[in-house]
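*Asks:* Pasted the sequence and its predicted model underneath.
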Amino acid sequence: MAELSFPKRPYRTKGGVHAPHNKNTAHKESVILPVPSMVALPMTQHIGAPCKPMVKVGDIVDVGQQIAVSDAFVSAPIHASVSGKVKKIDKITMPDGGKVEAIFIESDGEQRLSPDIHPPKVNSLSDLITAVRNSGLVGLGGAGFPTSVKLNIPSDKNVDTLIINVAECEPYITSDHREILENSWDVISGIITVKEFLDIHRVIIGIENNKPDAIKALREIADSKVDPNDEIRVLPIRATYPQGAEKILIKACTGREVPVGGLPSDAGCLVMNVGSIAFIARYLKTGIPLIWRRLTVDGGCIENPVNVIAPIGTPIKDVIDFVGGYKEPPYKLIMGGPMMGIALPNDDLYILKQNNAILALSEKEAKYSEPTACIRCGKCLDACPMRLQPLELANAADRGDTDGLKFYNVMNCMECGCCSFACPAKRHLVQHIRMGKALIQKAKREEIAASKGGKK
Amino acid sequence: MDTKLHVSASPHFKGSSTTRRIMLDVIIALIPASVMACVIFGMRSMVLIAICIATCVLLEFISRKIMKRDTTIGDLSAVVTGLLLALNLPVDINPLIAMFGCLIAIVVVKQMFGGIGMNFVNPALAARIVLLVSFPGPMMHWVTAAGAPKAAAIDATTSATPLAAEPGVYSYVDLLLGRCGGSIGEVCALALILGGIYLVVRKVISPIIPCVYLGTAAVMSLIVGLDPLYQLLSGGLMIGAIFMATDYTTSPVTKWGKVIYAIGCGILTILLRAFSNMPEGVSFSILLMNILVPLIERATAPRTLGYIKKKKGEQK
């Protein structure tokens, strides 16, 4: 194996846009939300198979008690975030429009801890993976990929680098930033745990250079004697969107490229969100599963923007009321960041595990603009971090031209939205490209169905 | 919650740049050349510019109305076309001929092919060439510029363009300041360079096309035995390289595509200047390369992140 070196400065990445940072909440202490009177826990709060409820209506549950589970490999169990009575199990509409079963728990306000909770014994990698699976942890940065699956690296892959993602490139969001400032020791002890068990000797903390206080805090610990071989280093990276996208972060931190259609492990990297890694450390210490998370509540319509520590399943309404309510009626309510988040139809939804922000944007910030004709200025090419040609992709998608979509590598698009942001004609480029990706997937499904039909 | 929320796919933020702002930047970049046109050829050039802009905007408005499409004059692209066309005409041209040029540019080349972003050649250039072929006399009637050297005079009121003049008539300084015959906007190289720098600083154009175009033209001049600096500063090369060849719609969007396109323009320009009957080759070479743009683009698609070229014989 080649000698691993730590880059002095980030490798060059192309594209990206200078979205306004709007990190208004970076210097405000997170506040803890009082226990809500009711929580709803949907059965899918992760990528993968939905869970099945283990409790019935009328059951009394304790905090941290496992209430839903799945046998599937790619999944994560769900735990009660409050103590109380299961009120109903009913379908709710998720932010993406799908209908999913959810367990509603009426809180008794006692927050009684479940007697099952005890710190897990972890002596080997498989112990760690089991423990992480039991904790219900998913990637807290937004995608919600079950962390236990991520840690379970296939044996044919040689992963030599752990990258901690603290880019937090989306505007407004500061939950990772606050996590570092408030729980910096958890971050480092989580890193040490993961790196010991996975036998990784290079840890790069990729952090955007617009967070000098967090860089300082992490460096102080990483350079102390907890890391005798100096295998953990902090690498400040360019503060442009989307530096936190997995493939871009890998390129910036190691200079490697994840092959088209491949996973980070194909480039020898494991990328973890800082919130997830700090959670692992806390879980190993206390045994309390993922039942609360920190999220940023901000946007032009929020009276008092701040980071909130809320039980998972809290109604969004409660969270917004807690921070002082709306300053003015919001134009858009967004779960996640303004570049990739999902616009919500109303505030009658619930905080999910992977939900890192709730933003209430004003009309001025998020005004919808009518698309005009493409003038072929090429600004989308300059903005595309994957070096695609968004204008050609959008045109091909518009025509329903699957060959054209394949020629221009549509499946390599990660839907970061830089092209739409940069377009002076206000064209909905990434929206069209998403449609194009769906077209390709549909064509593939039809092909498979046709070949199966032919054999029979 | 009482108010209804807006729902749409991400991203929810948009950048501040608009088509209108880009076009406005091009107009601002052309102001030095327009002012110099007035200084060199008098107020008549201002009248010509006004006529061309007004006609283009009006024709764009009318043709969109007839085609029952929404009005697009607000994006200022018709103003840019009108201004560029005016700057490519001699000052004493008959206003009717100029207006005919506007008709070709806006109606035939631009709107008939689908409006902004759809034209396959540069409208102002195509119009100029149509006029040049249809009205060679008035189109090559070069009124003597203010301060032009006496030796260049053909008769009492006209003088030769630098490309048609005997060598040594015009000095480099004459060419930089526009003390020579020619279209009203092309004569003053200094004003055009100033505009080009503004466009690059504002990130409206990338410097690739003008730099490579001018560089290739200089090298080609050396090869065919012409004075490179004289070639760069004279005729329509400056305005062509900075404002015509960089037209978004008719130039490649890919980086290497831009390079190939600009090299092609440069080679063709000097070949036409050196060996054809025409004194000028910029318009024709840019037009020709415009037509090749789709092919160039397809051949120069950028390598996407993580794409590994399959080695020869590799099975997959």
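*Replies:* That came through, no problem. None of the values given here were measured: they were computed from a predicted structure.
*Asks:* what's in contact with stretch A:26-39?
*Replies:* With C-beta atoms under 8 Å, 6 or more residues apart in numbering or on different chains as the test, stretch A:26-39 has contacts from A:81-82, A:87, A:104-107, A:109, A:111, A:174, A:177-178, A:182, A:211, A:294, A:305-315, A:318-319, A:322-323, A:350. The way it works is simple: take the backbone N, C-alpha and C, and place the C-beta from them, glycine included.
*Asks:* Figure out how far it is from the centre of its chain.
*Replies:* How far stretch A:26-39 lies from its chain's middle: 20 Å, per C-alpha atoms, centre = their mean, to the nearest Å.
*Asks:* Okay, buried residues for it please.
*Replies:* Buried residues in stretch A:26-39, counted by 16 or more other C-beta atoms under 10 Å in any protein chain shown: A:A26, A:S30, A:V31, A:L33, A:V35, A:P36, A:M38, A:V39.
*Asks:* From the residues you listed, pick the one nearest A:L361.
*Replies:* Distance to A:L361 across those (C-beta to C-beta) is lowest for A:A26, with 18.5 Å.
*Asks:* returning to that earlier point: narrow the contacts of stretch A:26-39 to just the buried residues.
*Replies:* A:81-82, A:87, A:104-105, A:107, A:174, A:177-178, A:211, A:294, A:305-308, A:310-315, A:318-319, A:322-323, A:350.
*Asks:* Show me those that map onto strands.
*Replies:* Among the buried ones among the contacts of stretch A:26-39, DSSP state E puts A:K87, A:F104, A:I105, A:S107, A:R294, A:V306, A:N307, A:V308, A:A310, A:P311 in strands.
*Asks:* Residue of the stretch 151-300 of chain B closest to chain A, please.
*Replies:* Going by C-beta to the nearest C-beta, chain A is nearest to B:V253 of the stretch 151-300 of chain B, at 3.6 Å.
*Asks:* Might you report the residue contacts of that residue?
*Replies:* Counted by C-beta under 8 Å, 6+ apart, B:V253 has contacts A:R376, A:C377, A:G378, A:L381, A:Q389, A:L391, B:E297.
*Asks:* got the buried residues of stretch A:26-39 as a markdown table, with secondary structure and pLDDT columns?
*Replies:* Formatted as a markdown table, these follow (DSSP: H, G, I helix; E, B strand; the rest coil; pLDDT from 0 to 100):
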| residue | secondary structure | pLDDT |
| --- | --- | --- |
| A:A26 | coil | 90 |
| A:S30 | coil | 94 |
| A:V31 | strand | 94 |
| A:L33 | coil | 94 |
| A:V35 | coil | 93 |
| A:P36 | coil | 93 |
| A:M38 | strand | 94 |
| A:V39 | strand | 94 |
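*Asks:* For the stretch 1-150 of chain A, which residues score under the pLDDT cut-off?
*Replies:* A:1-3 (pLDDT under 70).
*Asks:* Go again with 50.
*Replies:* Low-confidence segments of the stretch 1-150 of chain A (pLDDT under 50): A:1.
*Asks:* Near chain B, which residues of it are found?
*Replies:* Contact residues, the stretch 1-150 of chain A versus chain B (C-beta under 8 Å from any C-beta of the partner chain): A:K14, A:V17, A:A19, A:P20.
*Asks:* Neighbours of the last one, how many?
*Replies:* Translated: A:P20. A:P20: 13 surrounding residues under other C-beta atoms under 10 Å in any protein chain shown.
*Asks:* Now that it has come up, it's in contact with A:P171, right?
*Replies:* Yes: assessed by C-beta atoms under 8 Å, A:P20 is found in contact with A:P171 at 5.6 Å.
*Asks:* Point out the residues in the stretch 201-316 of chain B that sit beside chain A.
*Replies:* B:206, B:248-249, B:253-254, B:301-308.
*Asks:* Which of the residues you listed fall in strands?
*Replies:* Checking those against strands, none of them qualifies (DSSP E).
*Asks:* Most widely separated two among the residues you listed?
*Replies:* Farthest pair in these, by C-beta to C-beta: B:T249 and B:I308, 33.4 Å.
*Asks:* Compare these two (neighbour count), which wins?
*Replies:* Taking neighbours as other C-beta under 10 Å, B:T249 and B:I308 compare with B:T249 leading, 22 against 11.
*Asks:* Nearest to chain A: which residue in the stretch 1-150 of chain B?
*Replies:* Taking C-beta to the nearest C-beta, the stretch 1-150 of chain B has B:P11 as its residue nearest chain A, at 3.3 Å.
*Asks:* close enough to count as contact, that residue and A:G336?
*Replies:* No: with contacts defined as C-beta under 8 Å, B:P11 does not count as touching A:G336, sitting 10.8 Å away.
*Asks:* now the residue in the stretch 151-300 of chain A that chain B sits nearest to, what's its secondary structure?
*Replies:* Closest residue of the stretch 151-300 of chain A to chain B, C-beta to the nearest C-beta: A:E257 (4.4 Å). Secondary structure, DSSP: H, G, I helix; E, B strand; the rest coil: A:E257 is coil.
*Asks:* ok, now which ones touch A:Q111?
*Replies:* A:V35, A:V63, A:V82, A:S83.
*Asks:* let's see 10 Å
*Replies:* A:Q111 makes contact with A:V35, A:D62, A:V63, A:G64, A:S81, A:V82, A:S83, A:G84, A:P311, according to C-beta atoms under 10 Å, 6 or more residues apart in numbering or on different chains.
*Asks:* need the contact list for the last one.
*Replies:* The neighbourhood of A:P311, defined by C-beta under 10 Å, 6+ apart, consists of A:32-36, A:39, A:41, A:63, A:80-82, A:105, A:107, A:111, A:291-293, A:318, A:351.
*Asks:* can you pull the contacts of the nearest residue to B:I53 once chain neighbours are set aside?
*Replies:* Counting by C-beta to C-beta, 6 or more residues apart in numbering or on different chains, B:I53 lies nearest to B:G82, which is 3.8 Å off, once chain neighbours are set aside. Residues counted as contacts of B:G82 (C-beta under 10 Å, 6+ apart) are B:49-60, B:98, B:101-102, B:105-106, B:123-124.
*Asks:* go again using 7 Å as the cut-off
*Replies:* For B:G82, the contact set (C-beta atoms under 7 Å, 6 or more residues apart in numbering or on different chains) comprises B:C52, B:I53, B:T55, B:C56, B:V57, B:C102.
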